[in-house]
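*Asks:* sequence first, then the predicted structure, then my questions.
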Amino acid sequence: MKRLSNKLAISLLAFITAMSFSLVSCKKDFLDRKPYTSLGVEDALKTEGDLLVALRGVYAGMRGGTYNAVLRTDLFGRTIPILGDLMADNVYQSVSNSNRYTLYNQYAMPVNDANATGMWTDSYNVILRSNNIINSSIDANVNVNQYKGEAHAIRALMYFNLVRFYAKPYTDNPAGLGVPIVTTFDLNLKPGRSTIGEVYDLILADLEKAYTLMTVFNGSSQFSKYAARALEAKVQLTKGDKVKAKTAALDVINNSGFTVVPAADVAAYWGNPAPRTDKVETLFEVSSDAVGNIGFDALGYIYNQSGYGDMLASDDLYALYSATDVRRTDLTAVGVRGGLPAVFVRKYLNIATDRDDTKVLRLSDVYLIAAEASLPGNEADALTYLNFIATRRDPVFLGYVSNGNQLFEDVITERRKELAFEGDRYHDLNRLKRPVIRSANYPASAQNILYTAAKRLLPIPQAETDANPVIRAQQNPGY
């Protein structure tokens, strides 16, 4: 099995060493144990309680990492959802800004881009922490199985994001270069990039294992059985396997007990910063609260006009919403910023004390996956699942009645409207191999980004290629 480079493995070793010390330091016999600087992975997790502590650390790490005691924002804390809209056509950087993500607004990212480096490094740290749980030898029971199932699901999610940001879509060429696969902890070997197909195989194997192991629902801030199944539906759709995508989506729709948030509750749903236990809409979200958060660098702060407020909704996205659509009336607002007309994003209102969580998997997305996966063979089903969402966002709308290619386009448009500001649009355009056609809100040089453009993929970080001669020759074109 391929393993990670020294640079990233060492960063996890520091985590495991600190975690191991914290687990033993309060016990009477700690002086008789190995020095904490020599504790290896095999010694770090010995009990069910150790697994739970480690799992909590994995979830915390999904917000972003820490470098020189400074919190980074390059996972679900901010960068992953931001780039999913900014690199597409939903969100642009205001002329009045704090200089965050400027090069992405311009599609001019360099090989040593800090956000691309942070996402890569922090993702692998989360993966390695998940591996530590998955590979532990603690005897199985309901709780241990649950913790390991959650770790499998988290690892799958992290690889899914990596392979979509740093590699071409599966449907482009499964044999193309993906990202390094790491399932063990090893400081000695340095990996090359596995194929895209191999990465997807691991993701789907992890999700099947997660679905089998997990039996408990602990709220939306932890993975559960049906959150893993929802992610599987998304992965299969991205992979181009519509039959399996629909099967997984319908398992969630029919058997999970989750319900879609109705129009009357949309504003309250997005205004609530706390994880949910009522199975309304949110299958999984990365939690930020009054204690565990990244402060002024959280996702909401860069959207909210009481924060940095840099990111604005594009004019063409706003124009897609009817005047009676709650996604327009409740989740956006028209104003002026930098002396120019602007559409403000109001999905993230909680930027102090208990911050907004980052929604990762929602039931509405699962319905839209089922709609798209029904095409072209079953237009009746596609309309049923599509209209289930569309009519719950616009109480006046009677539903789509289209067919053929127009029905497919209606599904894609509804995905854009429903999942705006959550980081999906870029990945949809990539998997569909479509150009990014941006409005006049964006720089003139970055308004038409072809599917074949080099900057449609993030660079393998220069720090990684410098440290790893195997991956040095596998850099993405254009960097």
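*Replies:* Thanks, I have the structure now.
*Asks:* what about this protein, any weak spots by pLDDT?
*Replies:* 1-43, 66-71 (pLDDT under 70).
*Asks:* cutoff 90 now
*Replies:* 1-44, 65-72, 185-190, 289-295 (pLDDT under 90).
*Asks:* okay, domains of it per the record?
*Replies:* According to automatic domain parsing, the chain is divided into the following domains: 1-74+113-216+459-479, 241-446.
*Asks:* just put those domains in a markdown table and tack on mean neighbour count and distance to residue 101.
*Replies:* Just so you know, the C-beta spots here come from the backbone N, C-alpha and C atoms, and that holds for glycine as well. Below are these laid out as a markdown table (neighbours: other C-beta atoms under 10 Å; distance: least, C-beta to C-beta, whole Å):
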| stretch | mean neighbour count | distance to residue 101 |
| --- | --- | --- |
| domain 1-74+113-216+459-479 | 19 | 7 |
| domain 241-446 | 19 | 8 |
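*Asks:* need those domains in JSON lines (columns: distance to residue 98).
*Replies:* What follows is those, written out as JSON lines (distance: least, C-beta to C-beta, whole Å):
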{"stretch": "domain 1-74+113-216+459-479", "distance to residue 98": "12"}
{"stretch": "domain 241-446", "distance to residue 98": "5"}
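*Asks:* select, out of these, the one closest to residue 84.
*Replies:* Checking the domains of the chain against residue 84 by C-beta to C-beta gives domain 241-446 as the closest, at 2.8 Å.
*Asks:* how far does stretch 270-286 sit from the chain's center?
*Replies:* How far stretch 270-286 lies from its chain's middle: 16 Å, per C-alpha atoms, centre = their mean, to the nearest Å.
*Asks:* and the top helix by length along the chain, what does it pack onto?
*Replies:* Assignment by DSSP state H gives helix 142-166 as the longest helix of the chain. Here helix 142-166 touches helix 48-61, helix 114-134, helix 196-213, helix 225-239, going by 3 or more C-beta pairs under 8 Å, 6 or more residues apart in numbering; DSSP states H and E.
*Asks:* could you pull out the strands for the stretch 351-479 of the chain?
*Replies:* 358-362, 436-437, 448-449 (DSSP state E, counting those that start in this stretch).
*Asks:* would JSON lines of those strands with distance to residue 238 be doable?
*Replies:* Formatted as JSON lines, the strands of the stretch 351-479 of the chain follow (distance: least, C-beta to C-beta, whole Å):
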{"stretch": "strand 358-362", "distance to residue 238": "13"}
{"stretch": "strand 436-437", "distance to residue 238": "17"}
{"stretch": "strand 448-449", "distance to residue 238": "20"}
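*Asks:* tell me which of the ones you listed sits nearest to residue 385.
*Replies:* So among the strands of the stretch 351-479 of the chain, strand 358-362 is nearest, using C-beta to C-beta, at 14.0 Å.
*Asks:* paired strands for the closest one, with orientation please.
*Replies:* strand 282-286 (antiparallel) (DSSP bridges).
*Asks:* what's in contact with the strand it pairs with?
*Replies:* 59, 62-63, 75-77, 220-224, 226-227, 230-231, 252, 256, 258, 275-276, 357-363, 366 (C-beta atoms under 8 Å, 6 or more residues apart in numbering).
*Asks:* contacting residues around residue 72?
*Replies:* Taking C-beta under 8 Å, 6+ apart, one finds 64, 65, 66, 118, 122, 294 in contact with residue 72.
*Asks:* between these, which sits nearest residue 466?
*Replies:* The closest of the contacts of residue 72, once distances to residue 466 are taken by C-beta to C-beta, is residue 118, at 16.1 Å.
*Asks:* return the distance of the closest residue to the closest one other than its chain neighbours relative to residue 81.
*Replies:* Closest residue to residue 118 apart from its sequence neighbours, by C-beta to C-beta, 6 or more residues apart in numbering: residue 74 at 3.1 Å. Distance, residue 74 to residue 81, by C-beta to C-beta, to the nearest Å: 11 Å.
*Asks:* ditto for residue 146
*Replies:* Using C-beta to C-beta, residue 146 is found at 27 Å from residue 81.
*Asks:* please name the residues that touch residue 82.
*Replies:* Counting by C-beta under 8 Å, 6+ apart, residue 82 has contacts 91, 101, 299, 302, 311, 423.
*Asks:* can you list which of these are found in strands?
*Replies:* 91, 311 (DSSP state E).
*Asks:* in this structure residue 184 contacts residue 135, no?
*Replies:* Yes: between residue 184 and residue 135 there is a contact under C-beta atoms under 8 Å: 6.7 Å.
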